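no sequence on this one, just coordinates:
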C-alpha cells in the first residue's frame, strides 16, 4: 500500500490508523522562513475534531483532544525548509465497538474491500480507511495555509454546507457566506432557519438514519496562472484532492453540470463566473467556486445507534476540504515559481 503521498512540490505523506497509537504527516517542500502559526494549527484541528461540546455541531461522540506534536522542521517559530513531521496520539478509541466486524463487513464501508485487496487489515474503526485519517490532512493543510498567507496574503478559502439531505441553501443565503461565521451555524449550513437542519440531524441520530449533502468551497483572490496543463490542470488536481476524501462522490467547477443545459451563445460571455475562475486548466485570478457531493454516512440503523458516528459527514468534511484546497494552492504556487524561463 504505497499511495500515501499527495503533491508534486509541496509533498505530504500521511500515516496512521484510526485506533493505532497515533496519526501523523510529514510535509516536505515547505520553504524556510515561513512563520509557523501554532494558533492557526490548533484552530484548524479543533474545527475538524469530534466531541466538540457546545459547538452546535451534530457529530460523532468520539472525543479526541487532537493535540499536535511537532517533531521536526520548525525552529524558533519558523519553518526550516526541512521535512516537518507532526503526530496526534489517539486517546478515545473504543476498539471493542468493532469486534463483530472483524469477520462481518459493514454495508457501505471499505472493510471487505481492504481485507480482500491487502489480505490483512486493521478492522478497528475502519483502520486507515476511517475518516479519522483526515487528521493528517488538516495538519498538513494548516502548514500549507501558513505558506499561502506568507506568499499570497489576500487569498481566502471558505467552506460551507450548501445542502444537507433535502435542505438546500438559497442563492441569497449563498451570497452572504463570505460575511458569515460558518462555524457558528448548525452543521456549517448557513441557512436563516437553523432549527430546521438541527431537527433533521437530531432525528437522524436518534433513528439510525443518515444523510448526504453538498459542500461548496469558495477561493477568494487566488493567485493567477496556477495550473500545469496538460495532466496537472488546477481543476484536475482539486478534483483529485476532493474525491480522495472519504464519502465524496461528485465534483463540480463553476456552473458544473448545469452548463449542459445552456446554449453556448448564452454560456460563453466575457468575465463570466460560469467558468469558476479556471480556464484552460489555469486560474484566472477570479474567485474559484467548487462543489463536492457526499453520499449518506454508511453507518446506519443499529450500527449507528450502538457506535459513534456522524449522521451527515458534510459538516466535518468541510475543514478537510479546505485543508486539501490549501495543499493544492501551495503546491501549484511553488510549481509556478519554477516554470519561468
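The structure has been received and is ready for your questions. Just so we're clear, the structure is a prediction, and the values are computed from it rather than from any experiment.

contacts and neighbour counts: CA atoms only from here.
OK.

list the contacts of the closest residue to residue 281 other than its chain neighbours.
Leaving out its chain neighbours, the residue that sits closest to residue 281 by C-alpha to C-alpha, 6 or more residues apart in numbering is residue 233, at 4.3 Å. The contact partners of residue 233, taken as C-alpha atoms under 8 Å, 6 or more residues apart in numbering, are 227, 280, 281, 282.

could I get the contacting residues of residue 232?
Residue 232 touches residue 281, counting by C-alpha under 8 Å, 6+ apart.

now it: how far from residue 244?
Relative to residue 244, residue 232 is positioned 16 Å away (C-alpha to C-alpha, to the nearest Å).

how about the strands in the stretch 201-341 of the chain?
213-220, 248-253, 278-279, 282-283, 288-294 (DSSP state E, counting those that start in this stretch).

what packs against the fourth one?
This points to strand 282-283. When contacts are defined as 3 or more C-alpha pairs under 8 Å, 6 or more residues apart in numbering; DSSP states H and E, strand 282-283 packs onto helix 234-243.

from the contact counts, what lies against the helix it packs on?
By 3+ C-alpha pairs under 8 Å, 6+ apart, helix 234-243 packs against strand 248-253, strand 282-283, helix 314-336.

adding distance to residue 300 and mean neighbour count, write those out as TSV.
Shown next, in TSV, are the helices and strands packed on helix 234-243 (distance: least, C-alpha to C-alpha, whole Å; neighbours: other C-alpha atoms under 10 Å):
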stretch	distance to residue 300	mean neighbour count
strand 248-253	17	18
strand 282-283	40	20
helix 314-336	16	25
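
what about the stretch 201-341 of the chain, any weak spots by pLDDT?
Counting by pLDDT under 70, the stretch 201-341 of the chain contains low-confidence residues at 271, 301-309, 339-341.

90 instead, please
205-208, 265-266, 269-273, 297-310, 337-341 (pLDDT under 90).

coming back round to it: phi, psi for the residue nearest to residue 281 please.
phi -50, psi 150 (degrees, to the nearest 10).

quick check: it vs residue 214, distance?
Distance from residue 233 to residue 214, by C-alpha to C-alpha: 23 Å.

distance from the chain centre to stretch 172-180, please.
Here stretch 172-180 is found 20 Å from its chain centre; the criterion is C-alpha atoms, centre = their mean, to the nearest Å.

in it, what's buried?
Neighbour counts over stretch 172-180 (16 or more other C-alpha atoms under 10 Å) mark 174, 177 as buried.

which residues touch that stretch?
158, 160, 162, 190, 191, 192.

so what's the first one up against?
The one in question is residue 158. So residue 158 contacts 177, 178, 217, 218, 219, 220, 322 (C-alpha under 8 Å, 6+ apart).
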